[in-house]
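S.K.: dropping a prediction and its sequence here:
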Amino acid sequence: MTLAPHLPSEAQRRRAAYRRRQTVTSVLVAAASTAALGTLLVVAVTGAPGWDRVRESFADPAIARDALPAVLTGLWLNVRLLVCCAAGALLLGLLVALLRTLRGPVFFPVRALAAGYTYTFRGLPLIIVLYVLTLGVPGLRLGGMPSVLVLGGLALVLTYGGYLAEVFRAGIESVHPSQLAAARSLGLTYRQTMRHVVLPQAVRRVAPPLLNDVVAMQKDVGLVSLAGPIDAVRAAQIATAETFNYTPYVVAGVLFVLLAIPLIAITDAVTLRAARRQGRS
Amino acid sequence: MSLLRCRGLRKTYGGHVVLDGLDLTVDEHRVVALIGASGSGKSTLLRCVNLLEELDDGTIELDGEDISDPRVDPDRVRRRIGMVFQSYNLFPHLSVLENVTLAPVRVHGRARAEAQAQARELLDRVGLGEKADAYPDRLSGGQQQRVAIVRALANSPRLMLLDEVTSALDPELVGEVLALIRDLKADGMTMVLATHEMSFAREVADQVCFLDGGRVIETGPPERVLGEPTEPRTRQFLHRIIEAGRL
Ligand SMILES: Nc1ncnc2c1ncn2[C@@H]1O[C@H](COP(=O)(O)OP(=O)(O)O)[C@@H](O)[C@H]1O
Ligand SMILES: [Mg+2]
């Protein structure tokens, strides 16, 4: 089947031309206002009476260069911790969420335990969990104790697992009961229904908030340095103490943002895709 | 021999009695239409037969086996019964082909290639062969409902339960679904269908059951129940239907 080429009417051509002009105007206005605001900011900051002092103590290129290797080494710890802890927390969260959906009297203790876990660890500040695990547990002097780093990671997994479990549970509960009825009436068992029907839909729906929690976690993994291991922020703190200059913090801050950008971009893309899919159906 | 025999079914939701000693017998290769006012318990009856609801009393026999016995594995029973819902309930994250092959592969342990070949054949037969790789939200309501019927058929059920399968459809899409049900009847499928399409019930059903007050209060061939009802409540119901222009 071939379609005759569509010739736009006079009115449509006028509308298209108008829209093109509008687009050009909008771009120009945006560029002009951005330039004006930028200039204003630069003038205000650099023109401030204390600017030279601040620049010296927060943006000294030589100190930045010296601090960079130590901060990068610290950042590598952050990255490794984030990858392991995010994976651990996602798994734990999913497991706890699934345990909370189990029905039947046999599972009462499991359900109660899972619920108790999410209540406790969502209420407990991460720092306290961290101190208890990294300082308290080694104090027991049991044989075969894992390293402080592993215990600190465990604290992160336990704390974030509680949040992620609730996100997963919200996703599972958002799948309409009619989907369960359809799956069960095909003869699928409860487990098969969860695995093939409920979870795929639930995880897709909560992927944006899950990733958002992972982004938040990136900022919290550095707290393990409270127990000894040196992360990027702690490395910057050490460098600052040596030089009496805050530039290393700025270096660490910039690196954190650079690290977060891909993660945030992925989150945005996933959110957008989810929103589009919902708009379509 | 009767394929399905329900005796004295009772179902309540918190004090509200929905089924109150209901009896229903369905012989093999027969089509039974359930009619009755909205809220009379048609869906509840179908859900009880499929063991999606727990009974408060009564027994259900399928092929002579008491499936209401709590020791019976409900998953095993449901494999022999196909159910189709008013709102299609296709799995939105799976393609049409995956919707149809999910149960054959996961429940019956069939090889994927074999299940897919069978699914494509079934889809072809209902005129949806080209939609095999599409996702449900790209299909019209009539097409989705036909996929839902094919999905139930892929399990080779002994009995099909159809719950108002055309109620959510635009009028011009009802015909294609009804045509498919007609084909199933021609193939000898045993069916229990809740419907408010009286003309369709008259055409396709061997037996019509009028539900009221939690029981079947009138049953018989469609010409008789729909043409010369003896129970006053059946007459009232049919009057209302005629007034609404549905007969
Ligand atoms: N899950 C449920 N919880 C409480 N009440 C229900 C439930 N399902 C159905 N009912 C009630 O049972 C009655 C029968 O419903 P239903 O079987 O859907 O009727 P029908 O399909 O004939 O319209 C209605 O009054 C309805 O409100
Ligand atoms: Mg109903």
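M.R.: Yep, that arrived. Ligands and ions are numbered 1, 2, ... in the order given.
S.K.: look up how far B:K11 lies from the residue in the stretch 151-281 of chain A positioned nearest to ligand 1.
M.R.: Per CB to the nearest ligand atom, A:P177 is where the stretch 151-281 of chain A lies closest to ligand 1, at 9.1 Å. The C-beta positions use only the backbone N, C-alpha and C, and glycine is treated the same way. A:P177 is 17 Å from B:K11, where distance means CB to CB, to the nearest Å.
S.K.: what do you get for A:P229?
M.R.: Distance from A:P229 to B:K11, by CB to CB: 61 Å.
S.K.: give me the more crowded residue out of the two.
M.R.: B:K11 (22 against 18; other CB atoms under 10 Å in any protein chain shown).
S.K.: the helix or strand hosting B:T59 pairs with which strands, and in what direction?
M.R.: Assigned by DSSP states H and E, B:T59 belongs to strand B:57-62. Its sheet considered, strand B:57-62 pairs with strand B:2-13 (antiparallel), strand B:65-66 (antiparallel) by DSSP bridges.
S.K.: which residues touch the next helix or strand along the chain from the longest one?
M.R.: Going down the chain from strand B:2-13, the next helix or strand is strand B:16-27, by DSSP H and E. Strand B:16-27 is contacted by residues B:1-12, B:32, B:41, B:44-45, B:48, B:57-58, B:159, B:190, B:192, B:209, B:211, B:213-216 when judged by CB atoms under 8 Å, 6 or more residues apart in numbering or on different chains.
S.K.: for the chain, just list every one of the strands.
M.R.: Looking at chain A here, since you left the chain open. Assigned by DSSP state E, chain A shows no strands.
S.K.: let me rephrase: I mean chain B.
M.R.: So, for chain B - with DSSP E - the strands run B:2-13, B:16-27, B:31-35, B:57-62, B:65-66, B:81-84, B:159-163, B:190-194, B:207-212, B:215-220.
S.K.: which strands and helices lie in contact with the third one?
M.R.: Think strand B:31-35. Packing partners of strand B:31-35 (3 or more CB pairs under 8 Å, 6 or more residues apart in numbering or on different chains; DSSP states H and E): helix B:42-49, strand B:190-194, helix B:198-204, strand B:207-212.
S.K.: and if we set it to 7 Å?
M.R.: Judged by 3 or more CB pairs under 7 Å, 6 or more residues apart in numbering or on different chains; DSSP states H and E, strand B:31-35 is in contact with strand B:190-194, helix B:198-204, strand B:207-212.
S.K.: mind checking the end-to-end distance for stretch B:195-208?
M.R.: This stretch, stretch B:195-208, spans 10 Å end to end (CA to CA, to the nearest Å).
S.K.: once you drop chain neighbours, what's closest to A:L90?
M.R.: Nearest residue to A:L90 in three dimensions, chain neighbours excluded: A:L164, at 6.0 Å (CB to CB, 6 or more residues apart in numbering or on different chains).
S.K.: and that neighbour, what is it in contact with?
M.R.: A:89-90, A:93, A:210, A:213 (CB atoms under 7 Å, 6 or more residues apart in numbering or on different chains).
S.K.: relative to chain B, which of these is nearest.
M.R.: Nearest to chain B out of the contacts of A:L164 is A:L210 (CB to the nearest CB; 16.7 Å).
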